[in-house]
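1. Sequence and predicted structure below; questions after.
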Amino acid sequence: MIGFYTLFYKELLRFWKVSFQTILAPILSSLLYLLVFSHVLETRVQVYPGISYTSFLIPGLVIMAVLQNTFANSSSSLIQSKISGNLVFILLSPLSYLEIFLAYIGAAVVRGLLVGLGVYGVTMLLYDVPLRLPLWALLFAIAGSMLLGALGIIAGIWSEKFDQLAAFQNFIILPLTFLSGVFYSIHSLPSGWQYLSHLNPFFYIVDGLRYGFLGTSDISPYFSLGVVISCLIVISWLTVWMLKSGYKIRH
Amino acid sequence: MVAAIEIHQLYKRYGAFSALENINLSIYPGEFFALLGPNGAGKTTLISILAGLTLATSGHAKIMGHDVVSDYVNSRRNLGVVPQELVFDPFFTVREALIIQSGYYGIRKNETWIDEILHRLDLTAKADTNMRALSGGMKRRVLVAQALVHKPPVIILDEPTAGVDVELRQALWFFINQLNREGHTIVLTTHYLEEAEALCHRVAMLKQGKIVALDSIRNLINGIQGCSIQLRLSSETLPPILQEWPGSRHEGLHIFKIKDYFQVETLLAILRSEHIQVLEMQLQQPDLEEVFIKIMGAESSDVS
Ligand SMILES: Nc1ncnc2c1ncn2[C@@H]1O[C@H](COP(=O)(O)OP(=O)(O)O)[C@@H](O)[C@H]1O
Ligand SMILES: [Mg+2]
């Protein structure tokens, strides 16, 4: 228990000591998206009747920031430790693979939620943002960020160099988040793209979080939650298996 | 008595390459043991398997009776490892690094012991310095400190004095020797053979993944017959009769192997009759280095 707590705390310190880059910078970039997109599209697009485009966009931006930052946290921490060699301090210790898993995920979720709260907090100052069902929103934010935290561990373990991690991020994580309906409702897409969007697990996270904010969504939040939790279980199982087998970290 | 380290029929292969082959080794509590061998012999691989950083292809290893795979929690609690590479976490100060390392071992209040190791490793003044700002020698000492936070009975140091200046090297040896006197089992690798000879009781020599010698230093040295005599002579070229004499030549010095002291007289008599004068003379007793070179074979006398 102390072992888990220490690693969790160390991981928190790691991003907290550079919070300018790890918390403030992502909040700022979300805000830029918001200002540009809402300025251009506010008067032209209405996704749900009676809901402004800005209100539609904000939950999407919040969850996009959460997902990208949880992924960034666990993956970059692991690859930095691997490449600089200081992962050895963890590997030499009696920490179990479950403790390692939970500590990395936990710290990543905390960073993701801090960034998400930051984005939400700042947008509240500028716009009138509804938060109708906060528990639903929190549920999706936590489940979604755990999923991305686990994916970050997988990417961090699998990558041997920074550019491999960048590839993972640019060719898998980024497209999946951008094509998950952050900026639009998938109902506005041609049916082929709609079908493809349903295969994207991130879509369910975004849609579910939007349900928490607006009380309305493209599909049932229960179904979305089921999909997200199932993905979380599968990915967590894979991550734990990788850690347990020592894949790429214990030769 | 349970062995501090017990290695049984251990093999490690990387694809077709065999890094360790049938290693069997027992090291007892309180021993000061050296693992010697040229670069690439497999020393670090063996240490990594004991530490759980690397998985053996087959065979078993135990630390204080705990299997390093199936009972890794207890084997790791009993083991402190100083890695060969100079690794550090740039986010933390020396003290933070040690507190965090203690936490990984489940130890919460460790300040007294941390202060003591900082003091004994002469790191107290650097305790609140960021790891990034430390010199190589300082980082090496922090690595030693990190290996000791949980007071492990067995300590393994992989080339602890590589790239370290003479003064610090002596300080480290003194400290390691002290740990041994306090009852810790010490295993180390080094390429300073004189220092290994001065401190260690027993050595294993590894060559291409196999143990080629395993004995006390005294027995290994006694196993070498005779000694050698080093001469600087007035003539560079030797008479034919001396060219046959077993020995070698090193930077203008002639080294002749002799089986017993009586042969010194024979050698000098030949030189006199050839009118060659002796400018310098030194008698050399066999040492660990000689044993090492002999066992590793002339072609791989590169000790580093
Ligand atoms: N991960 C690895 N993959 C392939 N070969 C390796 C790996 N690690 C070590 N080796 C090889 O195993 C041999 C032993 O290496 P090592 O244990 O580091 O030797 P030493 O510490 O005695 O210098 C070397 O030939 C090295 O190239
Ligand atoms: Mg080595």
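-> Looks like it came in fine. Residues are numbered from 1 along each chain as shown, chains lettered A, B, ... in the order given. Ligands and ions are numbered 1, 2, ... in the order given.

2. which one is residue 106 nearest to, not counting chain neighbours?
-> I went with chain A, as the question did not name one. If the residues on either side of it in the chain are set aside, A:Gly106 comes closest to A:Phe8, at 5.0 Å by Cβ to Cβ, 6 or more residues apart in numbering or on different chains. Every C-beta, even on glycine, is put in place using the N, C-alpha and C of the backbone.

3. nope, chain B please
-> A:Ile2 (4.6 Å).

4. residues near the one you found, how many?
-> Neighbour count for A:Ile2, taken as other Cβ atoms under 10 Å in any protein chain shown: 14.

5. Phi first, then psi, for it.
-> phi -60, psi -40 (degrees, to the nearest 10).

6. ok, now how distant is it from B:Glu116?
-> With distances taken as Cβ to Cβ, to the nearest Å, A:Ile2 is found 21 Å from B:Glu116.

7. what does A:Ile186 give?
-> Counting by Cβ to Cβ - A:Ile186 and B:Glu116 are separated by 63 Å.

8. With neighbour numbers in mind, choose between those two.
-> Using other Cβ under 10 Å as the criterion, A:Ile186 and B:Glu116 rank with A:Ile186 on top: 20 against 12.

9. ok, the closest residue to ligand 2 within chain B - contacts?
-> Closest contact between chain B and ligand 2, by Cβ to the ion, is at B:Thr44 (3.2 Å). B:Thr44 makes contacts with B:Gln84, B:Asp158, B:Thr189, as judged by Cβ atoms under 8 Å, 6 or more residues apart in numbering or on different chains.

10. does the residue nearest to A:Gly106 really touch A:Ala103, like I thought?
-> Yes: using Cβ atoms under 8 Å, A:Phe8 is in contact with A:Ala103, at 4.1 Å.

11. So for these two, which residue has more residues nearby?
-> A:Ala103 (23 against 19).

12. can you count the residues close to the closest residue to that one other than its chain neighbours?
-> Leaving aside its sequence neighbours, A:Ala103 sits nearest to A:Leu7 (Cβ to Cβ, 6+ apart; 3.7 Å). Per other Cβ under 10 Å, the neighbour tally for A:Leu7 reads 23.

13. quick one, what contacts the residue lying closest to A:Ser52 once chain neighbours are set aside?
-> Nearest residue to A:Ser52 in three dimensions, chain neighbours excluded: A:Glu42, at 6.5 Å (Cβ to Cβ, 6+ apart). Applying Cβ under 8 Å, 6+ apart, one finds that A:Glu42 lies in contact with A:Ser52, A:Tyr53, A:Thr54.

14. same deal with B:Ser248?
-> Counting by Cβ under 8 Å, 6+ apart, B:Ser248 has contacts B:Ile255.

15. Show me what it is bridged to.
-> B:Ile255 (DSSP bridges).

16. ok but B:Thr54 is inside a helix, no?
-> No: under DSSP: H, G, I helix; E, B strand; the rest coil, B:Thr54 sits outside any helix and is assigned coil.

17. Leaving out sequence neighbours, find the closest residue to the residue in the stretch 1-150 of chain B positioned nearest to chain A.
-> The minimum distance from the stretch 1-150 of chain B to chain A, using Cβ to the nearest Cβ, falls at B:Gly103 (2.7 Å). Once flanking residues are discounted, B:Gly103 sits nearest to A:Thr6: 2.7 Å by Cβ to Cβ, 6+ apart.

18. Only the buried residues of the helix or strand hosting the one you found, if you could.
-> Taking DSSP states H and E as the criterion, A:Thr6 maps to helix A:2-16. Across helix A:2-16, burial judged by 16 or more other Cβ atoms under 10 Å in any protein chain shown covers A:Gly3, A:Phe4, A:Thr6, A:Leu7, A:Phe8, A:Tyr9, A:Lys10, A:Glu11, A:Leu12, A:Arg14, A:Phe15, A:Trp16.

19. out of those residues, who's nearest A:Tyr247?
-> A:Leu7 (19.0 Å; Cβ to Cβ).

20. Could you measure from the closest one over to B:Gly247?
-> 60 Å.

21. Show me the strands in chain B, by range?
-> Here chain B has its strands, by DSSP state E, at B:5-14, B:17-27, B:32-36, B:58-63, B:66-67, B:79-82, B:154-158, B:185-189, B:202-207, B:210-216, B:227-233, B:247-250, B:253-258, B:278-284.

22. Output these in JSON lines; the columns should cover mean pLDDT and distance to ligand 1.
-> Listed next are these as JSON lines, based on pLDDT from 0 to 100; distance: least, Cβ to the nearest ligand atom, whole Å:
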{"stretch": "strand B:5-14", "mean pLDDT": "96", "distance to ligand 1": "4"}
{"stretch": "strand B:17-27", "mean pLDDT": "96", "distance to ligand 1": "4"}
{"stretch": "strand B:32-36", "mean pLDDT": "96", "distance to ligand 1": "8"}
{"stretch": "strand B:58-63", "mean pLDDT": "96", "distance to ligand 1": "15"}
{"stretch": "strand B:66-67", "mean pLDDT": "97", "distance to ligand 1": "21"}
{"stretch": "strand B:79-82", "mean pLDDT": "97", "distance to ligand 1": "13"}
{"stretch": "strand B:154-158", "mean pLDDT": "97", "distance to ligand 1": "7"}
{"stretch": "strand B:185-189", "mean pLDDT": "96", "distance to ligand 1": "7"}
{"stretch": "strand B:202-207", "mean pLDDT": "94", "distance to ligand 1": "6"}
{"stretch": "strand B:210-216", "mean pLDDT": "92", "distance to ligand 1": "12"}
{"stretch": "strand B:227-233", "mean pLDDT": "87", "distance to ligand 1": "28"}
{"stretch": "strand B:247-250", "mean pLDDT": "81", "distance to ligand 1": "26"}
{"stretch": "strand B:253-258", "mean pLDDT": "86", "distance to ligand 1": "28"}
{"stretch": "strand B:278-284", "mean pLDDT": "87", "distance to ligand 1": "28"}
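
23. Relative to A:Ser220, tell me which of the ones you listed wins on proximity.
-> So among the strands of chain B, strand B:66-67 is nearest, using Cβ to Cβ, at 50.8 Å.

24. hang on, A:Ser55 is in a helix, isn't it?
-> Yes: applying three-state DSSP, one finds A:Ser55 inside a helix.

25. what's the spacing between the nearest residue to A:Val110 once chain neighbours are set aside and A:Phe89?
-> Of all residues not flanking A:Val110 in the chain, A:Leu12 sits nearest, at 6.2 Å (Cβ to Cβ, 6+ apart). According to Cβ to Cβ, A:Leu12 and A:Phe89 sit 17 Å apart.

26. Could I get the buried residue list for the lowest-mean-pLDDT helix or strand in chain B?
-> The weakest-scoring helix or strand in chain B, judged by mean pLDDT, DSSP states H and E, is strand B:247-250 (a mean of 81). Residues of strand B:247-250 classed as buried under the neighbour-count rule (16+ other Cβ under 10 Å) are B:Gly247.

27. Quick one: end-to-end distance for stretch B:188-195.
-> 11 Å (Cα to Cα, to the nearest Å).
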